[in-house]
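A.B. asks: can't give you the sequence, but here's the structure:
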């Protein structure tokens, strides 16, 4: 699905807050997924509890996370989870935008 730049920017801003990142996240969807994958990989290796808390707060479906964690390498797991996170934040941004129009 193709998202507008405004929706991607909104999702990126929200993810920057969730991950407590000091630098601004990219506003291109593929770049955003890669940047989130780096943060997820770091948390997978160093602070799994914090990653699980973030996934809970963002409300990523647990079954999808379990499926994503079946990948062969940590890097693939991180990228799969990053995709789930970005997709969820884009959906939430879409909903916020839709209801702000009414």
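C.D. replies: Nice, I can see it. Given the structure is predicted, the values throughout are model-derived calculations rather than measurements.

A.B. asks: Dead centre of this protein: give me the residue that sits there.
C.D. replies: Computing the C-alpha centroid of the chain and ranking residues by CA atoms, centre = their mean puts residue 85 first, at 2.7 Å.

A.B. asks: Next, that one: secondary structure please.
C.D. replies: The three-state label given to residue 85 by DSSP: H, G, I helix; E, B strand; the rest coil is helix.

A.B. asks: measure it to residue 44 for me?
C.D. replies: Distance, residue 85 to residue 44, using CB to CB, to the nearest Å: 13 Å. For every residue, glycine as well, the C-beta is placed using N, CA and C.

A.B. asks: before we move on, back to that, so the residue nearest to the centre of the chain versus residue 100, what's the distance?
C.D. replies: Distance from residue 85 to residue 100, counting by CB to CB: 22 Å.

A.B. asks: can you check residue 44 too?
C.D. replies: Residue 44 is 34 Å from residue 100, where distance means CB to CB.

A.B. asks: These two: which is more packed in?
C.D. replies: Neighbour comparison, residue 44 and residue 100: the larger count goes to residue 44, with 16 against 7 (by other CB atoms under 10 Å).

A.B. asks: what about whatever helix or strand the more buried one lives in, average pLDDT?
C.D. replies: Residue 44 belongs to helix 29-46 when assigned by DSSP states H and E. Computed over helix 29-46, the mean pLDDT rounds to 97.
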